[in-house]
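Participant: need a 3D model of the sequence below.
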Amino acid sequence: MDLSFTAEQIAFREEVRAIILASLPEHLRRKAEIDAHFEPDEVREWHRILYAKGWAAPHWPAAYGGPGLDVTRRFILTEELELSGAPSLSPFGLMMVGPLLMQYGTDAQKKRFLPKILDGSEVWCQGYSEPNAGSDLASLQCRAEDDGKGNFVVNGQKTWTTYAQYADWVFCLVRTDPQAKKQAGISFLLIDMKTPGVLVKPMLTTGGTPAFCETFLEDVVVAKDNLVGPLNGGWTIAKSLLGHERTLIGAVGTSRRALRRVKEIAKATRFGDATLLEHPGIRSKIARLEIKLRAHQMTNYRAVASAQLGHAPGPESSILKIRGSEILQQCFELAMEVMGHDSLAWQNDLGVIPAAEQNIAPSFNYTRAATIYGGSNEIQKNIIAKLVLRLPST
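Facilitator: You can find the predicted model right below:
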């Protein structure tokens, strides 16, 4: 397996880097330089720019409006977008429900939803977890019942529906056969967020972001045309989607930016007659984290090389999820350590934190969830034990 890039691929990376730099508006570039939080309208602005370039969905095939790139070029484009610090486009439409509709959706569903996902005119959120169904997702209780008039009537609650308050649509796992065993009675349903009976309540996190929401569904009427795949066949679709999500959480580019920021802060912070970047203890911690990140990056490259040869993603997505989420957390933990007392000023209300440090504490708080969302790391270890190590179930 060759993990090195060809001259043509290196040239493509340089071209992508130059185009991103030239295309990113100045007001977004200023925020990208300090890894600031982007507002939803700023994300949509960048989405429109990438869509005009043909880069909004690097992994989409040309038949559905994608750029038709091979696996390696898709990876390079995605990595450079992460490294640039530009707004991350919402993954729920582009990376999750969009590819699933290509695989499982009807022609009518593809025609209705895919163009608006691609151009960013409709935003999606995910309705999977419930208050009593997180890692044990198959125990979900949100129910969709046939009303005998060509519709489902949905009742239940979803939680951690990220940015649901800005979404136009939600893709939901719902229980359509309460008598079947857990996985067998679940269906995959698309729900318009403007439907009467849908109520979204955002939760302000300690990281200062309203990203997470609770979503309540009370007598929500959904046409059966919005059922994706077979009735009671949603669990197979859900597993496919989670594999994509776990690979995304590998976040090599995001961790590289975070570690770069650690070095910048350490270099700017005095420690006696030197800087923290010269302190042996800090240098040692940075070096150890660099080694972990490099090993994780090479594992990611192996997955890319395998995909380039035509192999479908397997349980390695769980490996990437575990290591990627842990390394991302460790990067922000080290940044907090290097910041010292500045790390206690969570929201920088008094404006005393240098620009390079302003978004570290909120990111540290937000990424506490990285080892939980997309399937907790404990669940991923079970998957690896069963499918990679072939250990017996207890």
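
Participant: and the contacts of the biggest strand by length in the chain?
Facilitator: Longest strand in the chain, counting residues (DSSP state E): strand 212-223. With contact meaning C-beta atoms under 8 Å, 6 or more residues apart in numbering, strand 212-223 is reached by 125, 127, 142, 144, 147, 150-165, 170, 189-192, 195-203, 205. All C-beta atoms are positioned from the backbone trio N, CA, C, and that covers glycine.

Participant: before we move on, what about stretch 353-371?
Facilitator: Stretch 353-371 is contacted from outside by 34-37, 205-209, 211, 249, 251, 258, 261, 264-265, 268, 322, 325-326, 328-329, 332-333, 335-336, 339, 342-348, 377, using C-beta under 8 Å, 6+ apart.

Participant: now it - C-alpha only, PDB.
Facilitator: Extracted in PDB, the C-alpha atoms of stretch 353-371 (Å, rounded to 0.1, in the frame of the first residue of the first chain):
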ATOM      1  CA  ILE A 353      -7.400  37.500  26.500                       C
ATOM      2  CA  PRO A 354      -5.100  37.800  23.400                       C
ATOM      3  CA  ALA A 355      -6.800  37.000  20.100                       C
ATOM      4  CA  ALA A 356      -5.000  33.800  19.600                       C
ATOM      5  CA  GLU A 357      -6.400  32.400  22.900                       C
ATOM      6  CA  GLN A 358     -10.000  33.700  22.700                       C
ATOM      7  CA  ASN A 359     -11.600  30.600  21.300                       C
ATOM      8  CA  ILE A 360      -9.600  27.900  23.200                       C
ATOM      9  CA  ALA A 361     -11.800  27.600  26.300                       C
ATOM     10  CA  PRO A 362     -15.100  27.400  24.400                       C
ATOM     11  CA  SER A 363     -13.500  24.800  22.100                       C
ATOM     12  CA  PHE A 364     -12.200  22.800  25.000                       C
ATOM     13  CA  ASN A 365     -15.700  22.700  26.500                       C
ATOM     14  CA  TYR A 366     -17.400  21.800  23.200                       C
ATOM     15  CA  THR A 367     -14.900  19.000  22.400                       C
ATOM     16  CA  ARG A 368     -15.700  17.200  25.700                       C
ATOM     17  CA  ALA A 369     -18.500  15.700  23.700                       C
ATOM     18  CA  ALA A 370     -16.200  14.400  20.900                       C
ATOM     19  CA  THR A 371     -15.800  11.100  22.600                       C
END
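
Participant: now that stretch: average pLDDT?
Facilitator: Here stretch 353-371 scores 84 as its mean pLDDT.
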